[in-house]
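Student: Provide a 3D model corresponding to the input given below.
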Amino acid sequence: MPEPKLTVWEKARIVAIEAHGVKRAAAGITTQPDIDRRVARVKKQAAAREAAAAKAKAKKR
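Tutor: Residues are numbered from 1 along each chain as shown. Sure, this is the predicted structure:
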């Protein structure tokens, strides 16, 4: 499945999540599966948004 096209807001959310992970890494926490899950959730929501938009566009035709 190709990566969904992210909006500016979704990109900003991912950057904020990653920045939180960097702060934790600086504190010595190396395994951060929750950060990975949060980024995956944003991408999943973006894919759902794209699918809904494609469905609405197809319905218009």
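Student: quick one: low-confidence ranges for the protein?
Tutor: Judged by pLDDT under 70, the chain has its weakly predicted residues at 1.
Student: state the distance from the residue nearest the centre of it to G28.
Tutor: In the chain, the centroid-proximal residue (Cα atoms, centre = their mean) is V42; its distance is 2.7 Å. Using Cβ to Cβ, to the nearest Å, one gets 26 Å for the distance from V42 to G28. Bear in mind the C-beta positions are built from the backbone N, C-alpha and C, glycine included.
Student: same question for I17.
Tutor: Using Cβ to Cβ, we find I17 at a distance of 19 Å from G28.
Student: what's the answer for K11, then?
Tutor: Using Cβ to Cβ, one gets 28 Å for the distance from K11 to G28.
Student: neighbour-wise, which of those two wins?
Tutor: Shown here are K11 and G28; by other Cβ atoms under 10 Å, K11 has more neighbours (12 against 6).
Student: which other residues reach the host helix or strand of the more buried one?
Tutor: In this assignment (DSSP states H and E), K11 forms part of helix 8-26. Contacts to helix 8-26, defined as Cβ atoms under 8 Å, 6 or more residues apart in numbering, come from residues 6, 32, 35, 38-39, 42-43, 45-46.
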